[in-house]
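Participant: this is a predicted model, with the sequence first.
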Amino acid sequence: MKAAFSYSAGLLIFLDDDGSLLRSVPAFSKVRNELNGQRSFSDPNDVEYSENSDGSQGTPTMPRPFPSGSWTISGIEATTEKWLQPYKLITNANQDLDVWALKPNGTYDKPTGEKIGDFGYRIHFANGSQHTDGCIGLYDVDDILWCKANLVFPIALEAGS
């Protein structure tokens, strides 16, 4: 089984080992950040943090879309997190992000010039949101339920274009 995500087509496709199409899923990876002016610089609750390789919280960063490249979908987990429920597909996707300094009031200040690895990239139902913090978002909850019922792990994932 293989999967491919196309940013431009807005599709996540799942293929059988023989290359036949199993499912084509409308999907996206749109973020709110300083580049598009959609991330707040005045609300400390809008600060995003990287995720360390062990799953712990890292340092303040600005979200970036799901990284292009070859990754692995290793499994699926149940979650009660509002924007991720009911399941999230786990990937090993990661990328280096700029570390951001915070002002004394806890809001974004400016990049420090340092980089940090960010490992928290998942595939999940976006629960009505048009943005993620870099994950691949699915528009329809039925698609993540299909994943739970039909996918066999690990799955090679190509993300790009």
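Facilitator: That came through, no problem. All figures in this text were calculated on a predicted structure; none of them were measured in a lab.

Participant: residue 66 touches residue 134, doesn't it?
Facilitator: Yes. Between residue 66 and residue 134 there is a contact at 5.9 Å, judged by C-beta atoms under 8 Å. To be clear about C-beta, it is placed using only N, CA and C from the backbone, and glycine gets the same treatment.

Participant: hey, what's in contact with both of these two?
Facilitator: The contact sets of residue 66 and residue 134 overlap at 29, 121 (C-beta atoms under 8 Å, 6 or more residues apart in numbering).

Participant: show the pLDDT at the most centrally placed residue in the chain.
Facilitator: Closest to where the C-alpha atoms of the chain average out (C-alpha atoms, centre = their mean) is residue 135, at 1.1 Å. With respect to pLDDT, residue 135 scores 97.

Participant: for it, which non-adjacent residue is closest in space?
Facilitator: Distances taken as C-beta to C-beta, 6 or more residues apart in numbering put residue 122 closest to residue 135, at 4.7 Å, once the chain neighbours are dropped.

Participant: what separation do you get for that neighbour and residue 136?
Facilitator: Distance, residue 122 to residue 136, using C-beta to C-beta, to the nearest Å: 8 Å.

Participant: could you do residue 59 as well?
Facilitator: Residue 59 is 23 Å from residue 136, where distance means C-beta to C-beta.

Participant: quick one: the helices in this structure, in order.
Facilitator: 141-150 (DSSP state H).

Participant: okay, the residue of it most remote from its centre: pLDDT?
Facilitator: Centroid-distance maximum for the chain: residue 104 at 28.9 Å, with C-alpha atoms, centre = their mean. Each residue has a pLDDT score; the one for residue 104 is 97.

Participant: what of residue 120?
Facilitator: Turning to residue 120, the model gives it a pLDDT of 90.

Participant: confirm for me that it is in contact with residue 54.
Facilitator: No. Using C-beta under 8 Å, residue 120 makes no contact with residue 54, being 11.1 Å away.

Participant: more neighbours: which of these two?
Facilitator: Comparing residue 120 with residue 54 by other C-beta atoms under 10 Å, the one with more neighbours is residue 120, at 19 against 6.

Participant: for that one, what are its contacts?
Facilitator: Listed by C-beta under 8 Å, 6+ apart, the contact set of residue 120 reads 50-51, 55, 133-135.

Participant: now with 10 Å?
Facilitator: Going by C-beta atoms under 10 Å, 6 or more residues apart in numbering, residue 120 touches 48-53, 55, 57-58, 91, 93-94, 133-135.

Participant: just give me the closest of those to residue 26.
Facilitator: residue 135 (14.8 Å; C-beta to C-beta).
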